[in-house]
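Novice: Curious how this folds, go ahead:
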Amino acid sequence: MPDSYFISDKQHSPSNKYPSDGSQNLIFNDFLNSILPSNTHPLSAAATHHFSSKGKQLRAKIALSAGEKFGADNAACLHWASAVELLHNASLIHDDICDGDTIRRNNASVWAKYGRDTALALGDWMIAEAFEQAAKAAYISNSFNLVTKLSNHVKSTIAGQALEFDNALYPDIDKYLEISAGKTAPLFVAAIEGIAEIAGRSELIEEINHYFVTMGVCYQFANDIQNILGTDGAASPSSDLKRRAPNAVIVYFRNFLRTPERTLFDSWLAGTSQNKANYWQKKITESGAIHEVAKEMHKLLKRAEGVSGTLPKDCIGVIAPIQKQLRNVCEQIGASCP
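Specialist: You can find the predicted model right below:
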């Protein structure tokens, strides 16, 4: 089967290595755009809208950086990075439907602009396309268990997301950690684990898993802090509070409350009314819970850095960007991050 089946003539034909002049992101986004629904496809407008703001693309950047550091096949890496990025975006689109979030990356979410049915269909399409891209990466690199690995990571992500739907009680810290590790870590792990497999570096996989499980929780802590502060691109600050979604800051805030006030707060959380939402938001931001979560995030970051110190040098350069972003969040809220 010719390589043109995988990288078409209208797309960049990859060389043995990515250029080091910063054009790696341009190549990736050009390729990603080329595999999205065509202009005549019924999902084209919704896909174009969603990707008009592409986000941080951390998972794709991790995969591409790992491919460069490990000397992996360029075409296989491009397909794999696209697979992971598509799955992440599918999860965002579906998550917005579940959560009722109307804003994504400072734009209207897909379901808010095009309706739930179109958003659901687009997310499903992205999942299908992601597995096609993973299959192409597997074919090129002769790594035929890649698709199974990706499937396992997707199942773990879905299981973590499903834990959020258990509305019997607001989660305690142990339950929260289970949720955050399940829904955040798997696609970070997949990004670099797949490249390690493609490059024949499977000896790295166990330590990579250990690192990203810790970093996944740390990253979720960062997202939770940004949600409470209103810097995560949601329609308003503390959107997690208003929809009673698991959030580390809220979990720690509950722990600060004495029994009478905790009973009142739990009663409010168990309902659906937005009355007193602003009251509880003010209580949370004044409680010190944000800084407590920041301290815990800093501890997790240090723990992850300890794990990263056991990895080969070519791995450390791959994971540096996500550590830098988490440090920036620490600095934003005034935490002591060296």
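Novice: Need the three-state assignment for the closest residue in space to C218 that isn't next to it in sequence.
Specialist: Nearest residue to C218 in three dimensions, chain neighbours excluded: L300, at 4.1 Å (CB to CB, 6 or more residues apart in numbering). To be clear about C-beta, it is placed using only N, CA and C from the backbone, and glycine gets the same treatment. Here L300 is helix, with the state taken from DSSP: H, G, I helix; E, B strand; the rest coil.
Novice: Show the pLDDT at L300.
Specialist: What the model reports as pLDDT for L300 is 86.
Novice: What of F6?
Specialist: So, for F6, pLDDT stands at 49.
Novice: now the one 3 residues further on
Specialist: On the pLDDT scale, D9 is placed at 34.
Novice: Quick one: the strands in the stretch 51-200 of the chain, in order.
Specialist: 103-104, 107-108 (DSSP state E, counting those that start in this stretch).
Novice: still on that earlier bit, ok, now which ones touch the residue nearest to C218?
Specialist: L300 makes contact with 214-215, 217-218, 221, according to CB atoms under 8 Å, 6 or more residues apart in numbering.
Novice: got the buried residues for stretch 297-308?
Specialist: Within stretch 297-308, the residues that count as buried by 16 or more other CB atoms under 10 Å are 297-298, 300-301, 304, 307-308.
Novice: actually stretch 59-75, not the one I typed
Specialist: Applying 16+ other CB under 10 Å to stretch 59-75 flags 59-70, 72-75 as buried.
Novice: What ranges in this structure fall below the confidence cut-off?
Specialist: Residues of the chain meeting the criterion pLDDT under 70: 1-22, 167-168, 233-235, 326, 329-338.
Novice: Residue most distant from the centroid, it?
Specialist: In the chain, the residue that sits farthest from the middle, by CA atoms, centre = their mean, is P260; the gap is 36.9 Å.
Novice: so which helix or strand takes in that residue?
Specialist: helix 259-270 (DSSP states H and E).
Novice: And the residue farthest from the centre of the chain, how far from A191?
Specialist: 46 Å (CB to CB, to the nearest Å).
Novice: same deal with S38?
Specialist: According to CB to CB, S38 stands 27 Å off from A191.
Novice: before we move on, what about C77?
Specialist: Counting by CB to CB, the gap from C77 to A191 is 10 Å.
Novice: Between those two, which contacts overlap?
Specialist: 63, 66.
Novice: Tell me, how many residues neighbour K276?
Specialist: 13 (other CB atoms under 10 Å).
Novice: List the contacts of it.
Specialist: W268.
Novice: Which parts of the stretch 201-338 of the chain are strands?
Specialist: Under DSSP E, counting those that start in this stretch, the stretch 201-338 of the chain gives no strands.
Novice: which residues in it form helices?
Specialist: Taking DSSP state H, counting those that start in this stretch as the criterion, the stretch 201-338 of the chain contains helices spanning 205-229, 239-242, 248-256, 259-270, 277-286, 289-308, 313-332.
Novice: Just put those in CSV and tack on distance to A119.
Specialist: Listed next are the helices of the stretch 201-338 of the chain as CSV, based on distance: least, CB to CB, whole Å:
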stretch, distance to A119
helix 205-229, 21
helix 239-242, 18
helix 248-256, 27
helix 259-270, 27
helix 277-286, 25
helix 289-308, 31
helix 313-332, 27
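Novice: Quick one: closest of those to L32.
Specialist: Among the helices of the stretch 201-338 of the chain, the nearest to L32 by CB to CB is helix 313-332 (18.4 Å).
Novice: how close does E132 get to A60?
Specialist: Counting by CB to CB, the gap from E132 to A60 is 16 Å.
Novice: again with R327
Specialist: Going from R327 to A60 by CB to CB gives 21 Å.
Novice: Likewise for K302?
Specialist: 27 Å.
Novice: same check, this time on E292
Specialist: Between E292 and A60 the computed distance is 33 Å (CB to CB).
Novice: what's the answer for V249, then?
Specialist: The gap separating V249 from A60 is 28 Å, by CB to CB.
Novice: Quick check: chain neighbours aside, which residue is closest to C315?
Specialist: Using CB to CB, 6+ apart and skipping the chain neighbours, the partner closest in space to C315 is L204 (6.4 Å).
Novice: give the contact list for the residue lying closest to A277 once chain neighbours are set aside.
Specialist: Leaving aside its chain neighbours, A277 sits nearest to K242 (5.2 Å; criterion: CB to CB, 6+ apart). K242 sits next to 236, 274, 277 when contact means CB under 8 Å, 6+ apart.
Novice: Redo these as TSV? Include distance to K183 and neighbour count.
Specialist: Listed next are the contacts of K242 as TSV, based on distance: CB to CB, whole Å; neighbours: other CB atoms under 10 Å:
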residue	distance to K183	neighbour count
S236	22	10
Q274	25	11
A277	24	15
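Novice: Wait, L150 touches G194, no?
Specialist: Yes - applying CB atoms under 8 Å, one finds L150 in contact with G194, separated by 6.9 Å.
Novice: Common neighbours of the two, please.
Specialist: With CB under 8 Å, 6+ apart as the test, L150 and G194 both reach 83-84, 134.
Novice: Quick one: the helices in the stretch 1-150 of the chain, in order.
Specialist: Using DSSP H, counting those that start in this stretch, helices in the stretch 1-150 of the chain cover 24-35, 44-50, 58-70, 74-99, 110-114, 116-141, 146-163.
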